[in-house]
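**Student:** Fold the following and give me the result.
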Amino acid sequence: MMIDLSAFSEEKFDAKKWINTACQNRHPQETLEKQLVDLEMKLQMMSEEIAASLEEQSAAALLRVPRATRDVIRLRDDAVSLRHSVSSILLKLKKAEGSSAESIAALAKVDIVKQRMEAAYETLQDAAGLTQLSSTVEDVFASGDLPKAAETLANMRHCLSAVGEVAEFANIRKQLEVLEDRLDSMVQPRLTDALSNRKVEVAQDLRGILIRIGRFKSLEAHYTKVHLKPIRQLWEDFDSKQRTNKLANEKNEVERLLSSNDFQSILPTISFSSWLPSFYDELLLYLEQEWKWCMIAFPDDYKTLVPKLLIETMATIGSNFVSRINLATGDVVAETKALAKGILDILSGDMQKGIKIQSKHLEALIELHNMTGTFARNVQHLFSESNLPVLLDTLKAVYLPYESFKQRYGQMERVILSSEIAGVDLRGAVVRGVGAQGIELSETVRRMEESIPQVILFLDEAVERCISFTGGSEIDELILALDDIMLQYISTLQETLKSLRAVCGVDTGDGGGTKKEMVSDRKEGTHNARKVDLMSNEEEWSIVQGALQILTVADCLTSRSAVFEASLKATLARLSTSLSLSVFGSNLDQNQSHVASDDGSGESSMIGRAALDVASVRLVDVPEKARRLFNLLDQSKDPRFHALPLASQRVAAFADTVNELVYDVLISKVRQRLSDVSRLPIWSAVEEPSAFPLPSFNAYPQAYVTSVGEYLLTLPQQLEPLAEGISSSDPNADEAQFFATEWMFKVAEGATALYMEQLRGIQYITDRGAQQLSADIEYLSNVLSALSMPIPPILATFHSCLSTPRDQLKDFVKSDAGNQLDLPTANLVCKIRRVGLE
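**Tutor:** Sure thing, here's the model as predicted:
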């Protein structure tokens, strides 16, 4: 058996565990005692071997110690010697540095002198060469060798830069400028011919000449001038076709009058909107051909030359383009077409009163803008190899004709939306005679409810127009317009509600002031009381049903406006992503340094190109507007943000006004029935003496209280259709049922408050009156219990004190049972019944 000694060197060696392991590995036929004996013997032998080895190695180590000591001493002496040598070398270097510093400084001065002498030598050579070139340049020009002339002028420019501002060469500097202009003028005819006839090699040679004399701008200008003429012909084709059609129609009209023929053909007028796509197609084809040719002729310049051509083209036709757009927007409406006017004319106030901007005008403008947008995307694809600043300037030039319209977009939307809101007819019925108020109310409420989705649709269409036309860059102006328009619409609804108060017979003549307490007593005039009396029961319930329907108007306005505002916030969130500030850098007023630093390659370039939509192209030039817009977009991310803050407040105020009107209608019958309860003669009546003993009977509730009770018991049936209507539009039926119950409780509480107010107004009551009033109160209490309403403590106190005999009232109030009473009310009843508590 082999023994592994590695286990003995472990830090956590366990002797018992090692012995048990060794015993477990014994042969099955070998006894444990033999195994242990063998193991002990082997361990003893190995320990003796280890001891012998240690003794031998210790002796050898002792023999090596003196030798190692001598080696250490020798190394120490060598280190000391080396230190002394290094110190002496450093000392010598310091001495050498001190003695040679002056020599090095002198050599440096000599070197500077040498360099200056060499520069002076070269300058003298340039001056000599400049004099020679100046004397021979005319001969070079006379030879007609343009490349050599360009080389000569370039050398002269180099020599002039070398000699600097020397007075002796001032004439040569002026001569050089004249000669460069002369060479430029000599190149232009040949360049025109080369560009017109597609002569690649000639154009390249002439480009080299202009580049050599630093006249690349001249190449750009001449290239643009040559190609601008055919593009202008494409643009003027529209006017020529218009004149041709006009002359032809005038000729046909004359022939018709002369020949009395009523069937002369009339050529249709070509509209700008139908002609513009063909112009863009032809212009794009022209640019594609130039792009391909310039890739061969000017491989280093085509990325800027062709975009520059388009930029100059749009600048040349820009004012006429705006005029044509303006007239095209007016052609879609007969009134403005007849006057040959458009949107800008209406906005400037040059039109007669009554002519306003219509949605058709703006839709025509957006249609033209969409055509331009398609062209801009094609241009962006064609010029995709150009640098980002060049591409940005090109797209700005393409959209430039619409800028004057976009700057006044908010004003246009205000006029359109205001006109559309004014066109909503809420007065659906004429003023009718007494007995037909329910019909008028129902019709008006129906029109109010139908107008809400119509108005929200107007607002949605305005948002779509803003995104389509401005790309969202004018969304801040649109939001202000939408808020004002919603205020205008809600003000119209408020005015309609005021008129409905008179229809419902609850107009108090206070100008529709705010109601502070719904349970307060409102004293109606005798006119309104007679008006209610003239109504039939069916007419009254018709008005109640119509008033309840107004609640659906408030609910519809609240929900629709909330949904629209949420949709508007979602639109702002999308714009916040697409118009991210990171596209153009964190600081927009650094003169586009972030854009200019892009070399047209890399991931940042791809992000920038993808973001060149109509809004981003506009915002990069108006940092202040961009900052305001991004502030708005950042605020929209706050959950508490209201896109239409003023409108939201007015919607809530309108809902309160509706609730006030509905409450007044529902409580009006109760108020009319209870108006004179405190002055009823029954309260002061006494029993007439009789000669015969008559049996006593319990009092029955009077007509005024039974009328109120029947009204309250019938009210749930009137609220049921409203609850069903709400539950049909709202899947939460429990909420609809709660809505109806809440209104039933509200009216019942108001009726109880009015009744208790009348009871407090009773000055004196007899025993017979107390018996009758107790019966009335008991009836109303039963009605409230049937409606699952708790009996107010004040009303219960009235009932308890009035049902108690007069001679027992004092003891009753002071008894333990009196502790359950409302003491001020109990004292009042004692005063009314002339019972002293002292």
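**Student:** Tell me which helix or strand the residue nearest the centre of the chain sits in.
**Tutor:** Computing the C-alpha centroid of the chain and ranking residues by CA atoms, centre = their mean puts residue 572 first, at 2.1 Å. Assigned by DSSP states H and E, residue 572 falls within helix 537-578.
**Student:** Quick one: list the elements packing against the helix or strand containing residue 323.
**Tutor:** For residue 323, the enclosing helix or strand under DSSP H and E is helix 302-330. If you count contacts as 3 or more CB pairs under 8 Å, 6 or more residues apart in numbering; DSSP states H and E, helix 302-330 packs onto helix 216-259, helix 272-297, helix 334-339, helix 343-348, helix 359-382, helix 388-399. Backbone N, C-alpha and C define where each C-beta goes, glycine included.
**Student:** winner for burial among those?
**Tutor:** With neighbours taken as mean count of other CB atoms under 10 Å, the helices and strands packed on helix 302-330 reach their highest mean count in helix 388-399, at a mean of 21.
**Student:** Now do it and helix 359-382, the angle between them.
**Tutor:** Relative orientation of helix 388-399 versus helix 359-382 (axes from the mean of the first three to the mean of the last three CA atoms, to 10 degrees): 150 degrees.
**Student:** packing partners for helix 388-399?
**Tutor:** Counting contacts by 3+ CB pairs under 8 Å, 6+ apart, helix 388-399 packs against helix 302-330, helix 359-382, helix 593-596, helix 603-610, helix 614-619.
**Student:** Using CSV, list the CA coordinates for that helix.
**Tutor:** Listed next in CSV are the C-alpha coordinates belonging to helix 388-399 (Å, rounded to 0.1, in the frame of the first residue of the first chain):
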residue,chain,number,x,y,z
LEU,A,388,-25.8,67.5,-44.6
PRO,A,389,-25.5,71.4,-44.6
VAL,A,390,-25.9,71.4,-48.4
LEU,A,391,-28.9,69.1,-48.3
LEU,A,392,-30.4,71.3,-45.5
ASP,A,393,-30.0,74.5,-47.5
THR,A,394,-31.5,72.8,-50.6
LEU,A,395,-34.6,71.6,-48.7
LYS,A,396,-35.1,75.0,-47.1
ALA,A,397,-35.1,76.5,-50.6
VAL,A,398,-37.7,74.0,-51.8
TYR,A,399,-40.1,74.8,-49.0
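**Student:** and residue 387, what are its phi and psi?
**Tutor:** Here is the backbone geometry of residue 387 (degrees, to the nearest 10): phi -70, psi 160.
**Student:** Export the helices and strands packed on helix 302-330 to TSV and append columns for mean pLDDT.
**Tutor:** Converted to TSV, these look like this (pLDDT from 0 to 100):
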stretch	mean pLDDT
helix 216-259	78
helix 272-297	92
helix 334-339	85
helix 343-348	86
helix 359-382	93
helix 388-399	91
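**Student:** in the chain, which helix has the most residues?
**Tutor:** The residue-count maximum for a helix in the chain (DSSP state H) belongs to helix 32-143.
**Student:** Can you spell out which helices and strands pack onto it?
**Tutor:** Using 3+ CB pairs under 8 Å, 6+ apart: helix 32-143 touches helix 15-24, helix 146-163, helix 170-196.
**Student:** got the buried residues for the longest one?
**Tutor:** Applying a neighbour-count criterion of 16 or more other CB atoms under 10 Å, one finds 172, 176, 179-180, 183-184, 186-188, 190-191, 194-195 buried in helix 170-196.
**Student:** can you tell me the average pLDDT over it?
**Tutor:** Here helix 170-196 scores 75 as its mean pLDDT.
**Student:** continuing past the helix or strand containing residue 744, what's the next helix or strand?
**Tutor:** Under the criterion DSSP H and E, the helix or strand holding residue 744 is helix 733-760. The C-terminal neighbour of helix 733-760 among helices and strands, as given by DSSP H and E, is helix 767-786.
**Student:** Give the next helix or strand downstream of that following helix.
**Tutor:** Sequence order places helix 793-803 as the next helix or strand after helix 767-786, per DSSP H and E.
**Student:** can you state the direction angle for that next one and helix 767-786?
**Tutor:** Going by the same axes, to 10 degrees, helix 793-803 makes 140 degrees with helix 767-786.
**Student:** how about residue 621, phi and psi?
**Tutor:** Dihedral pair for residue 621: phi -100, psi -10, per degrees, to the nearest 10.
**Student:** my guess is it meets residue 396, correct?
**Tutor:** Yes: assessed by CB atoms under 8 Å, residue 621 is found in contact with residue 396 at 6.9 Å.
**Student:** Next up, phi/psi of residue 10, please.
**Tutor:** Residue 10 has phi and psi values of phi -70, psi 150 when expressed as degrees, to the nearest 10.
**Student:** Just give me the neighbour total for it.
**Tutor:** Other residues near residue 10 number 9, with proximity taken as other CB atoms under 10 Å.
**Student:** any idea how far residue 87 is from it?
**Tutor:** Applying CB to CB, to the nearest Å, the value for residue 10 to residue 87 is 54 Å.
**Student:** just residue 739 next, same as before
**Tutor:** 104 Å.
**Student:** try residue 556
**Tutor:** Relative to residue 87, and taking CB to CB, residue 556 is found at 102 Å.
**Student:** And residue 375, by the same measure?
**Tutor:** Residue 375 is 85 Å from residue 87, where distance means CB to CB.
**Student:** so residue 664 is in which element?
**Tutor:** Assigned by DSSP H and E, residue 664 belongs to helix 645-673.
**Student:** got the angle for that helix vs helix 733-760?
**Tutor:** Orientation note: helix 645-673 sits at an angle of 50 degrees relative to helix 733-760 (the same axes, to 10 degrees).
**Student:** Return the list of helices and strands in contact with helix 645-673.
**Tutor:** Short answer (3+ CB pairs under 8 Å, 6+ apart): helix 645-673 packs on helix 475-504, helix 526-534, helix 537-578, helix 703-729, helix 733-760.
**Student:** Worst mean pLDDT among the ones you listed?
**Tutor:** In terms of average pLDDT, helix 526-534 trails the rest of these, at a mean of 43.
**Student:** rewinding a little: which secondary structure elements does the helix holding residue 572 sit against?
**Tutor:** helix 437-470, helix 475-504, helix 623-635, helix 645-673, helix 703-729.
**Student:** now with 10 Å?
**Tutor:** Here helix 537-578 touches helix 437-470, helix 475-504, helix 526-534, helix 614-619, helix 623-635, helix 645-673, helix 703-729, helix 733-760, going by 3 or more CB pairs under 10 Å, 6 or more residues apart in numbering; DSSP states H and E.
**Student:** Could you say which one of those helices comes nearest to residue 54?
**Tutor:** helix 623-635 (81.9 Å; CB to CB).
**Student:** Buried residues in that closest one, which are they?
**Tutor:** 623, 625-626, 629-630, 632-633.
**Student:** same thing with stretch 710-717?
**Tutor:** Residues 711-712, 715 are the ones in stretch 710-717 that count as buried (16+ other CB under 10 Å).
**Student:** ok, how many other residues are close to residue 789?
**Tutor:** By the criterion of other CB under 10 Å, residue 789 has 16 neighbours.
**Student:** Quick check, it in contact with residue 782.
**Tutor:** No: counting by CB atoms under 10 Å, residue 789 does not reach residue 782; the two are 11.1 Å apart.
**Student:** Please identify the most buried of the helices and strands packed on helix 537-578.
**Tutor:** When these are scored by mean count of other CB under 10 Å, the highest mean neighbour count falls to helix 614-619 (a mean of 22).
**Student:** Give the rounded mean pLDDT of that helix.
**Tutor:** 83.
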